[in-house]
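Chemist: structure for this input, please:
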Amino acid sequence: MRKILILTDFSDHAFNYAADLFKYEICSFYIMHAYQDDSDAPEINSEETNLETILTDTATIAKKKLEKTIKSVTSTTPNPRHSYHLISTNHSLLEEVDHLVEEQNIDIIVMGAKEQSHHKNITFGSHTPQVIKYVKCPVLVIPEQCDYNKPKHILFPTHYLIPYKRRELKLFSEIAYSYRAVIDVLYNTKSKKLSAHQKDNQRFLNEELGKNQIHFKTSSNQNITDAIRSYIKHNEIDMLVLVNSNHLTYEDIIFKTTLDEIILNLDIPYLILQNRET
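Modeler: Just a heads-up that it's a prediction; the model follows:
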């Protein structure tokens, strides 16, 4: 059974995408909303109500909205393979996500990415980079403007310098295999020659992703950000896969660069694999 944590602000966009993406698998969905930032929500007048009542009312509102979200998704795409657990919490989002990932051995987190809002109460979108960077679990981010398409063509930029983790590559491989997706492994370089270490990592990638159709590609673009953006544009890529690493390697440069310069402008889903030291 795959365990999936959906982080929601009561929009069912990411939830719908996850339900479609994993529709062939037996899944347990944990639907979480952290309402610590909702204490000043418009429904509550904090001048007339004490803090305990505010939190109680906010919890009730959050629970009802979660139930409504579940009903909306299950009524349009019912799936007997899927079960659901609602989590409404007054703890900080990162603390609660960390706890649940460890406690339930979560396989993947799915969350939406919204354009930045000027409304003081809408803070969920700002949590997306924090979850990606600090929670030790793969994260699939669904941009707000992204419609569901089967992931038939996946881009995986790499420099073959870090020791990949089997569990995350297995997840990546299984998602691709479910849709018979083609995986393009992109190496951006001026020299096409690989070191012995890079060849070892390339072989490992080929072994772990080997049940899929893999194309090993190279690009000679001066800028990795431009290389990724151009490849997505000209090759009809449906999903981008990146590695979040604290190794001082090219993968780390890829992640930091694309997070700032590509990710926030993407209109396709992006899967972040975690390869950080504990």
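Chemist: show me where the protein has strands.
Modeler: 2-7, 27-34, 82-89, 108-113, 139-143, 153-157, 182-188, 213-219, 239-245, 270-275 (DSSP state E).
Chemist: could you dump those into a markdown table with mean neighbour count, distance to residue 201 and mean pLDDT added?
Modeler: The C-beta positions use only the backbone N, C-alpha and C, and glycine is treated the same way. As requested, the strands of the chain are arranged in a markdown table below (neighbours: other CB atoms under 10 Å; distance: least, CB to CB, whole Å; pLDDT from 0 to 100):
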| stretch | mean neighbour count | distance to residue 201 | mean pLDDT |
| --- | --- | --- | --- |
| strand 2-7 | 22 | 26 | 95 |
| strand 27-34 | 21 | 31 | 91 |
| strand 82-89 | 17 | 36 | 89 |
| strand 108-113 | 24 | 23 | 92 |
| strand 139-143 | 23 | 22 | 92 |
| strand 153-157 | 23 | 12 | 96 |
| strand 182-188 | 20 | 11 | 95 |
| strand 213-219 | 14 | 12 | 94 |
| strand 239-245 | 24 | 11 | 89 |
| strand 270-275 | 22 | 12 | 90 |
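Chemist: please identify which of those strands is closest to residue 17.
Modeler: Closest approach to residue 17 among the strands of the chain (CB to CB): strand 139-143, 4.7 Å.
Chemist: tell me the strands beside the closest one, with direction?
Modeler: strand 108-113 (parallel), strand 270-275 (antiparallel) (DSSP bridges).
Chemist: TSV please, covering those strands and showing distance to residue 20.
Modeler: Shown next, in TSV, are these (distance: least, CB to CB, whole Å):
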stretch	distance to residue 20
strand 108-113	11
strand 270-275	15
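Chemist: hang on, the earlier thing: can I get the strands of the chain in JSON lines with distance to residue 197?
Modeler: Below are the strands of the chain laid out as JSON lines (distance: least, CB to CB, whole Å):
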{"stretch": "strand 2-7", "distance to residue 197": "33"}
{"stretch": "strand 27-34", "distance to residue 197": "37"}
{"stretch": "strand 82-89", "distance to residue 197": "42"}
{"stretch": "strand 108-113", "distance to residue 197": "29"}
{"stretch": "strand 139-143", "distance to residue 197": "27"}
{"stretch": "strand 153-157", "distance to residue 197": "18"}
{"stretch": "strand 182-188", "distance to residue 197": "14"}
{"stretch": "strand 213-219", "distance to residue 197": "16"}
{"stretch": "strand 239-245", "distance to residue 197": "15"}
{"stretch": "strand 270-275", "distance to residue 197": "15"}
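Chemist: those: which one's closest to residue 18?
Modeler: Nearest to residue 18 among those is strand 108-113; the distance by CB to CB comes to 4.3 Å.
Chemist: how far does that closest one sit from the chain's center?
Modeler: 4 Å (CA atoms, centre = their mean, to the nearest Å).
Chemist: buried residues, stretch 218-234. List them.
Modeler: By 16 or more other CB atoms under 10 Å, the buried positions in stretch 218-234 come out as 219, 221, 224-225, 227-229, 231-232.
Chemist: which of these sits closest to residue 213?
Modeler: Nearest to residue 213, judged by CB to CB, of the buried residues of stretch 218-234 is residue 231 at 16.9 Å.
Chemist: list the contacts of that closest one.
Modeler: 155, 184, 186, 217, 219, 237 (CB atoms under 8 Å, 6 or more residues apart in numbering).
Chemist: now the two most distant members of these.
Modeler: For the contacts of residue 231, the maximum inter-member distance is 13.3 Å, found between 219 and 237 (CB to CB).
Chemist: neighbours of residue 236, how many?
Modeler: Neighbour count for residue 236, taken as other CB atoms under 10 Å: 10.
Chemist: related to what we said a few turns ago, figure out which of the strands paired with strand 139-143 is closest to residue 194.
Modeler: From the strands paired with strand 139-143, taking CB to CB, the stretch that ends up closest is strand 270-275, at 19.2 Å.
Chemist: restrict the closest one to CA atoms and write it as CSV.
Modeler: The C-alpha trace of strand 270-275 is given here as CSV (Å, rounded to 0.1, in the frame of the first residue of the first chain):
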residue,chain,number,x,y,z
TYR,A,270,7.6,18.5,-10.4
LEU,A,271,8.7,15.7,-8.2
ILE,A,272,11.5,16.5,-5.7
LEU,A,273,13.5,13.5,-4.5
GLN,A,274,15.3,13.9,-1.2
ASN,A,275,19.0,13.0,-1.0
